[in-house]
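Undergrad: structural data only, the sequence is not supplied:
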């Protein structure tokens, strides 16, 4: 009996020790998992643009913008005064030239938003940008097109690859019918039927913007939606600010998450 008791004690001690080790390992694994989760979704060479629970690194009107649990929301509520001018949340990363930007977005049916890039401040209005925009709307009429805010207006509609002509060649452009007259369609990148199915309504969608030199490409859910070759040296921008927009209009909500950028130049 004494020998059996001694053996039982040894087994009990070993079990306790093993449990203690497993507990330490589990705690360590949890720490590793926690650390790993902080960088989940970052592709090679990209950096995160959002702080998960603050607007750190961005500036704009917090009446309309908030960040919670990694999701940035831009919202016009029914109980607010109507928005008089488009308002932007502007990234403090400075002027960016060539880059790839990836994010996920979700927008309400009445929503109107977009991601601006290579833009400058429109100082006549608070929190306003002027420049290229990957357009986003809840009715899926414009999502993915290239619209130049407060400048040349539409540079490529959805499904188009366009060339913006050089005005020095005798083609002085103007904005007419909310589109630039020096926009030449050189190819189709998506059919009308494809455009109806690429965007998922009331759900998360992937947006990627790639700006390389004078070529500007917009992808939605991995599909090229619009591409511009900007051969207009008088009006094009080679670098500038990045921001997201809440557009004037009825109550709406747009959400962004997992925004990341890779600087190419």
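TA: Okay, I see it. Note that the structure is a prediction, hence the values are computed from the model and not measured. Numbering: from 1, shown residues only.
Undergrad: residue 227: what's it in contact with?
TA: By CB atoms under 8 Å, 6 or more residues apart in numbering, the residues touching residue 227 are 146, 156, 160, 161, 162, 189, 215, 216, 217, 218. Bear in mind the C-beta positions are built from the backbone N, C-alpha and C, glycine included.
Undergrad: hmm, the second one is touching residue 162, no?
TA: Yes - in this structure, residue 156 is within contact of residue 162 by CB atoms under 8 Å, at 4.3 Å.
Undergrad: quick one, which of these two is more surrounded?
TA: Taking neighbours as other CB atoms under 10 Å, residue 156 and residue 162 compare with residue 156 leading, 28 against 24.
Undergrad: phi and psi next, for that one.
TA: Taking degrees, to the nearest 10, you get phi -160, psi 120 for the backbone angles of residue 156.
Undergrad: quick one: the helices in the stretch 101-250 of the chain, in order.
TA: 192-198 (DSSP state H, counting those that start in this stretch).
Undergrad: now do the shared contacts for residue 156 and residue 162.
TA: Both residue 156 and residue 162 are contacted by 183, 226, 227, 228, under the criterion CB under 8 Å, 6+ apart.
Undergrad: looking at these, which two lie furthest apart in space?
TA: Pairwise distances across these (CB to CB) peak at 12.1 Å, for the pair 183 and 227.
Undergrad: relative to residue 67, how far out is residue 60?
TA: 11 Å (CB to CB, to the nearest Å).
Undergrad: before we move on, what about residue 156?
TA: In this view, residue 156 and residue 67 are 31 Å apart by CB to CB.
Undergrad: surely residue 160 touches residue 189?
TA: Yes - using CB under 8 Å, residue 160 makes contact with residue 189 at a distance of 6.8 Å.
Undergrad: now for the two: what residues contact both?
TA: Shared contacts of residue 160 and residue 189 (CB under 8 Å, 6+ apart): 226, 227.
Undergrad: list the contacts of the residue nearest to residue 190 when sequence neighbours are not counted.
TA: Nearest residue to residue 190 in three dimensions, chain neighbours excluded: residue 159, at 4.3 Å (CB to CB, 6 or more residues apart in numbering). Residue 159 makes contact with 188, 189, 190, 191, 192, 194, 195, 225, 226 under the criterion CB under 8 Å, 6+ apart.
Undergrad: pLDDT added to those residues, as CSV?
TA: Below are those laid out as CSV (pLDDT from 0 to 100):
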residue, pLDDT
188, 97
189, 97
190, 95
191, 94
192, 93
194, 93
195, 95
225, 98
226, 98
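Undergrad: distance of the residue nearest to residue 63 when sequence neighbours are not counted from residue 244?
TA: Spatial nearest neighbour of residue 63, excluding adjacent residues (CB to CB, 6+ apart): residue 80 at 7.2 Å. Distance, residue 80 to residue 244, using CB to CB: 18 Å.
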